[in-house]
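Novice: from the sequence below, what's the structure:
(chains A and B)
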Protein chains: 2
Amino acid sequence: MSTDFSRLSLNSATTKKWTLAEAVDGCARAGIPAIGPWRDRVAEAGLDKAAKLIKDAGLRVSSLCRGGFLTAADAEGQAATLADNFEAVREAVALDTQELFLVVGGLAPGEKDVVAARQRVADRLEELVPFASENGVRLVLEPLHPMYAADRALISTLGQALDLAAPYDAKAVGVAVDTFHVWWDPELKAQIERAGRENRIASYQVCDFNLPIAADALLSRGMMGDGVIDFATIGTWVRDAGYTGDIEVEIFNQEIWDADGDTVLETMKQRYAELVLPYA
Amino acid sequence: MSTDFSRLSLNSATTKKWTLAEAVDGCARAGIPAIGPWRDRVAEAGLDKAAKLIKDAGLRVSSLCRGGFLTAADAEGQAATLADNFEAVREAVALDTQELFLVVGGLAPGEKDVVAARQRVADRLEELVPFASENGVRLVLEPLHPMYAADRALISTLGQALDLAAPYDAKAVGVAVDTFHVWWDPELKAQIERAGRENRIASYQVCDFNLPIAADALLSRGMMGDGVIDFATIGTWVRDAGYTGDIEVEIFNQEIWDADGDTVLETMKQRYAELVLPYA
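Specialist: Numbering: from 1, shown residues only, chains lettered A, B, ... in the order given. Model prediction:
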């Protein structure tokens, strides 16, 4: 079994109990060369200190999670959204990553008009792209599983993300392929091919889709191999689309969060080597 | 408020506690002119007796729920599937409905290859269509919400259902628009328009998408108005696509199942009159 972990990245949500410093140390101990931190962990450490401790450990930052939540319906909410996303861009720069994930947000409170809410995503994106581009940061549109459409992200398919990205340069707006969110999509192969042609694949995130769906539906993400996802097939599509970047493992799962972090990283390396790497 | 209930149909799953006879009586009391029975309730009553009691009450059968589960990977399972679906066609004939819902099934046990499993759906459909057509029964492909893709239905979008239906006459294979399953789809308007052009809309089912997702994810269906769905917009699209058939209310929801059946039907009529009928 190949044990080339040079493209493996730990998304910090996978080891939720760990501070950023602990996650960085864990990656260093495990020989994992990259990390995808969440902004709350960065803020907790302090931005400059976070950047320094990652750099001092010799790690890359594969992406920053996350900006977005662009669907506020009122002027005040929209201004706050933009300010927060500008700040996220600055954090990405400080952390030396080009990839800023956007989870675009769901319906406004009480709203039911998905068409209007999606239009607001497009409108905010138009305001946000120039600032991000000037700072050398790519906005990464992440389609989320349709079960989160109402309350987390009204981008539900890779095709839809690519349509939203279409007005912008591929260096300015990319898309994420997160196996959990997109594995079910009958258009997945065609849209991954399209994303490749358009040079928009900014991130490949892996985790499994566990059944039954967890009582808290957000926590149904599983360790690769524990659920229903065919990593060989999707991985091959992503590879054939030309993606050669980092492969982030991002898992929200109570059992994994409750486990010892070093053990989680060892399991993650093993499953990655067995199920993901041979097709990467 | 208009109170024309001439297109309203009770799917028997909404009043799960009721036997078929009780549901038929409930519809008669409430002035609901149509019913969509599930096969288990029909079997419990006995097919001939079920047909007679529905007819004697003066009700229409808007559809029969459900055949399908076409994804067995072994020859024995596939033969059993076909036999069961042939039987479902015979039941539809006996109940005097042309519309037989198919929930097509998910992955086989241990399987992860969605591409192969979807091909088996197409293969079984090819074997099933001639028998159904000879008997005057239309097979109704129902896209299910992607959260059920792995274990219930590998048809996840209306577009995918239409692609599967494409080789067959519109009288032989139709599609269902169930608001719960499809509301999130960014392609929904375009695919409802396509379904109208192709004369394939065989059923319009309404219920809401409740949040948070229920601990048993199957039970997140809600009474119209209790969740996030915009019935005005989707209803207008379905109407403009030319659909003039029955509108079935199908809700799996523990609280509704625990409530008094007559009260549920009254609420259903009220919400239908308020949220669905003005756009139908």
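Novice: isn't residue A:67 up against residue A:139?
Specialist: Yes: with contact defined as Cβ atoms under 8 Å, residue A:67 and residue A:139 form a contacting pair (7.4 Å). Just so you know, the C-beta spots here come from the backbone N, C-alpha and C atoms, and that holds for glycine as well.
Novice: how about low-confidence regions in the stretch 1-150 of chain A?
Specialist: Low-confidence segments of the stretch 1-150 of chain A (pLDDT under 70): A:1-2.
Novice: what does it put close to chain B?
Specialist: A:107, A:112, A:113, A:114, A:115, A:118, A:145, A:146, A:147, A:149, A:150 (Cβ under 8 Å from any Cβ of the partner chain).
Novice: please repeat the previous calculation with a cut-off of 10 Å.
Specialist: Along the stretch 1-150 of chain A, the residues adjacent to chain B under the rule Cβ under 10 Å from any Cβ of the partner chain are A:106-107, A:110-116, A:118, A:143, A:145-150.
Novice: out of these, which are buried?
Specialist: When burial is judged by neighbour count using 16 or more other Cβ atoms under 10 Å in any protein chain shown, the buried members of those are A:106-107, A:111-112, A:114, A:118, A:143, A:145-150.
Novice: so which of those belong to strands?
Specialist: For these, not one is inside strands, with DSSP state E as the criterion.
Novice: so of the residues you listed, which ones are in helices?
Specialist: Under the assignment DSSP state H, these contribute A:114, A:118 to helices.
Novice: want to try TSV for the buried ones among the residues of the stretch 1-150 of chain A next to chain B, with distance to residue B:237 as columns?
Specialist: Putting those into TSV (distance: Cβ to Cβ, whole Å) gives the following:
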residue	distance to residue B:237
A:106	21
A:107	18
A:111	18
A:112	14
A:114	12
A:118	15
A:143	22
A:145	23
A:146	18
A:147	22
A:148	23
A:149	17
A:150	18
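Novice: return the member of the buried ones among the residues of the stretch 1-150 of chain A next to chain B nearest to residue B:8.
Specialist: residue A:112 (21.6 Å; Cβ to Cβ).
Novice: so what's the closest one closest to, chain neighbours aside?
Specialist: Closest residue to residue A:112 apart from its sequence neighbours, by Cβ to Cβ, 6 or more residues apart in numbering or on different chains: residue B:230 at 4.0 Å.
Novice: surely the one you found touches residue B:189?
Specialist: No: with contact defined as Cβ atoms under 10 Å, residue B:230 and residue B:189 do not form a contacting pair (11.6 Å).
Novice: shared neighbours, these two?
Specialist: When contacts are counted by Cβ atoms under 10 Å, 6 or more residues apart in numbering or on different chains, the set common to residue B:230 and residue B:189 consists of A:115, B:236.
Novice: who's more crowded, these two?
Specialist: Between residue B:230 and residue B:189, counted using other Cβ atoms under 10 Å in any protein chain shown, residue B:230 has the larger neighbour count: 19 against 16.
Novice: any idea how far residue B:212 is from the more buried one?
Specialist: Note on residue B:230: its distance to residue B:212, by Cβ to Cβ, to the nearest Å, is 19 Å.
Novice: any idea what the residue positioned nearest the centre of chain A is bridged to?
Specialist: When Cα atoms, centre = their mean is applied to chain A, the residue found nearest the centroid is residue A:101 (5.5 Å). Assessed by DSSP bridges, residue A:101 has beta-bridge partners residue A:140.
Novice: got the contact list for it?
Specialist: Residues touching residue A:101, when contacts are defined by Cβ under 10 Å, 6+ apart, comprise A:11, A:36, A:38-39, A:63-68, A:88, A:92, A:139-142, A:174, A:176, A:178, A:202-203, A:205, A:248, A:250.
Novice: what comes up buried for stretch A:43-53?
Specialist: Of the residues in stretch A:43-53, those buried by neighbour count under the rule 16+ other Cβ under 10 Å are A:45, A:50, A:51, A:53.
Novice: pretty sure the last one is in a helix, no?
Specialist: It stands for residue A:53. Yes: counting by DSSP: H, G, I helix; E, B strand; the rest coil, residue A:53 falls inside a helix.
Novice: that one against residue A:41, yeah?
Specialist: No: between residue A:53 and residue A:41 there is no contact under Cβ under 10 Å: 11.2 Å.
Novice: which residues do the two both contact?
Specialist: The contact sets of residue A:53 and residue A:41 overlap at A:19, A:20, A:21, A:23, A:24 (Cβ under 10 Å, 6+ apart).
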